[in-house]
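# Structure for this input, please:
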Amino acid sequence: MGGQKQWHLQEEALGAERSLVLVALPGFGDLNGEPAISTINGLAKRVLAAVDAQGIMQFDLMGHSMGGMIVQEVIRLAPDRVRRLILYATGSIGVLPGRFETIEESKARGHCDGIQSTARRIAATWFLHGEAARCYGPCADIAAQTSPDAFHAGLEAMQSWSGQPDLPSIRSETLILWGDRDRTYPWSQTEILWQSIPHVHLAVVPGCAHAVHMEKPALFNATLKDFLEA
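Below you'll find the predicted structure:
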């Protein structure tokens, strides 16, 4: 439940130094009128098509939350194209063990309460201080743009996916970035990534939940720059 506009603080900080491609996914944000994709593999192919369309052969790649699953699938499909990988607030087990509520509960709330209300409620869990967080409003507005089909397709895509068996085969230098109060991906998910990927670096940001890039953007951006420029 995101969109390109969630990353404006990173565009401002990083865009002057490197070319950025923010990949839009069908059913989310400004593309909420497009048909949704219901598999992580299909979403990964959409990402590859986006960079292919710009003639980019090798690239650094970051994915957040479900996007982190998508980029794990991208590197499985095209391992030689990813120079450095950033897995941000994500995991390798699609059923999201330890999440604030199960995927089935989110599906049910979506049906019962409606997608917009459910999206805003879930977005509040992404911030340490919930709806009182400074960036909650704009983030919730973007989440509420998610189409009903994309909401349910995204949950189905995650629930049916696991990238854990493929983690040891990731050859790219990888940064795992995680907020220590994340309610969506607990430490147990992060630890699996950290212990399983060969060339791995870990950054734990204190006092943040699932949206570190909005809660502590200066620290987040500095961490990305340090890793990408190493």
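
# how far away is M66 from Q10?
Using CB to CB, to the nearest Å, we find M66 at a distance of 18 Å from Q10. Quick note: C-beta positions are derived from backbone N, CA and C, even for glycine.

# For this structure, which segments are assigned as helices?
For the chain, helices defined by DSSP state H occupy the ranges 8-14, 40-53, 66-77, 103-113, 115-125, 136-143, 148-159, 187-196, 212-215, 217-229.

# So for M1, which of those helices sits nearest?
helix 136-143 (4.0 Å; CB to CB).

# Packing partners of the helix or strand bottoming out on mean pLDDT in the chain?
The weakest-scoring helix or strand in the chain, judged by mean pLDDT, DSSP states H and E, is helix 103-113 (a mean of 90). Counting contacts by 3 or more CB pairs under 8 Å, 6 or more residues apart in numbering; DSSP states H and E, helix 103-113 is packed against helix 115-125, helix 148-159.

# will you turn the helices of the chain into a markdown table that also has mean neighbour count and distance to L167?
Shown next, in a markdown table, are the helices of the chain (neighbours: other CB atoms under 10 Å; distance: least, CB to CB, whole Å):
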| stretch | mean neighbour count | distance to L167 |
| --- | --- | --- |
| helix 8-14 | 15 | 25 |
| helix 40-53 | 17 | 15 |
| helix 66-77 | 23 | 8 |
| helix 103-113 | 14 | 21 |
| helix 115-125 | 20 | 26 |
| helix 136-143 | 19 | 28 |
| helix 148-159 | 20 | 17 |
| helix 187-196 | 17 | 4 |
| helix 212-215 | 24 | 22 |
| helix 217-229 | 16 | 18 |
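
# now those in CSV, with distance to P206?
Listed next are the helices of the chain as CSV, based on distance: least, CB to CB, whole Å:
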stretch, distance to P206
helix 8-14, 19
helix 40-53, 30
helix 66-77, 20
helix 103-113, 27
helix 115-125, 18
helix 136-143, 20
helix 148-159, 27
helix 187-196, 13
helix 212-215, 10
helix 217-229, 9
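
# if I pick F28, what's in contact with it?
1-3, 145-147, 150, 154 (CB atoms under 8 Å, 6 or more residues apart in numbering).

# separation between it and S92?
Using CB to CB, we find F28 at a distance of 22 Å from S92.
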